[in-house]
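Colleague: The amino acid sequence is not available; the structure is as follows:
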């Protein structure tokens, strides 16, 4: 097989309004039955993801918190891949009345337009943190962490070459892991900036676009001696 794994974002890609269509779950099962690996790469916190998407256990690896947490459903192992921001960073955001404000194992999150205040606080405190946007969401992580670093950690665990991976997403924070993969795909509802850099844009939106890619992989594997279909 040319491609040995599918790495997919969750919200806006696999899921619509937080839920995954049963047809999409069936398609994921079909792809897994071919021997390919499934990797979920999301900005969500792990517990929240598994609460809203129990079928997440179909995946061989889940990269949560935008690259900061790696979970393997098969054996239940969870690794935190980076240290959390210091407590005084969160305390300062609270004093500045940044609301809503969520804290995961590593990620600190809020919504736009709070990104301006967050970046001001990072500069004032001299912290090595980055702000990552995701369609109105604002995530703060160590500067060395993004979906690409999380995907690479998952691929190391699965002993897979990034060139053998198809990655699919819809938003700003997906650009990093699409670029790391062998073939990056944007769903039809993706931001124009992501579509501009993806190798392919699906006809269908969200889950329908994921099913489109799965069907194509199963039918012809995008044979190595031919370019993937347009």
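Modeller: In hand now; what should we look at? Source: prediction; values computed, not measured. Numbering: from 1, shown residues only.

Colleague: any idea how far the residue of the chain most remote from its centre lies from residue 117?
Modeller: Distance from the centre of the chain peaks at residue 95, with 30.6 Å (Cα atoms, centre = their mean). Remark: distance between residue 95 and residue 117 (Cβ to Cβ, to the nearest Å) = 11 Å. For the C-beta atoms, the positions are set from N, CA and C on the backbone; glycine is no exception.

Colleague: Repeat that for residue 185.
Modeller: Using Cβ to Cβ, residue 185 is found at 34 Å from residue 117.

Colleague: These two: which is more packed in?
Modeller: residue 185 (29 against 16; other Cβ atoms under 10 Å).

Colleague: Strand partners (parallel or antiparallel) of the lowest-mean-pLDDT helix or strand in the chain?
Modeller: The weakest-scoring helix or strand in the chain, judged by mean pLDDT, DSSP states H and E, is strand 129-134 (a mean of 89). Applying DSSP bridges, strand 129-134 is found paired with strand 137-142 (antiparallel).

Colleague: Quick check: mean pLDDT of the partner strand?
Modeller: The average pLDDT within strand 137-142 is 92.

Colleague: Same check on stretch 65-84?
Modeller: Here the average pLDDT along stretch 65-84 is 95.

Colleague: Equivalent analysis for stretch 200-213, please.
Modeller: For stretch 200-213, the per-residue pLDDT averages 97.

Colleague: end to end, how far does that stretch reach?
Modeller: Taking Cα to Cα, to the nearest Å, stretch 200-213 runs 10 Å from one end to the other.

Colleague: Run the chain-centre distance for stretch 194-212.
Modeller: Relative to the centre of its chain, stretch 194-212 is centred 15 Å away, using Cα atoms, centre = their mean, to the nearest Å.

Colleague: Give me the contact list for it.
Modeller: 8, 12-16, 20-21, 23-24, 27, 168-172, 174-175, 178-179, 183-190, 213, 228, 230 (Cβ atoms under 8 Å, 6 or more residues apart in numbering).

Colleague: Filter those down to the ones in strands?
Modeller: 8, 168, 169, 183, 184, 185, 186 (DSSP state E).

Colleague: Out of those, who's the most crowded?
Modeller: residue 169 (32 neighbours).

Colleague: so it touches residue 187, yeah?
Modeller: Yes - at 7.4 Å, residue 169 counts as touching residue 187 under the criterion of Cβ atoms under 8 Å.
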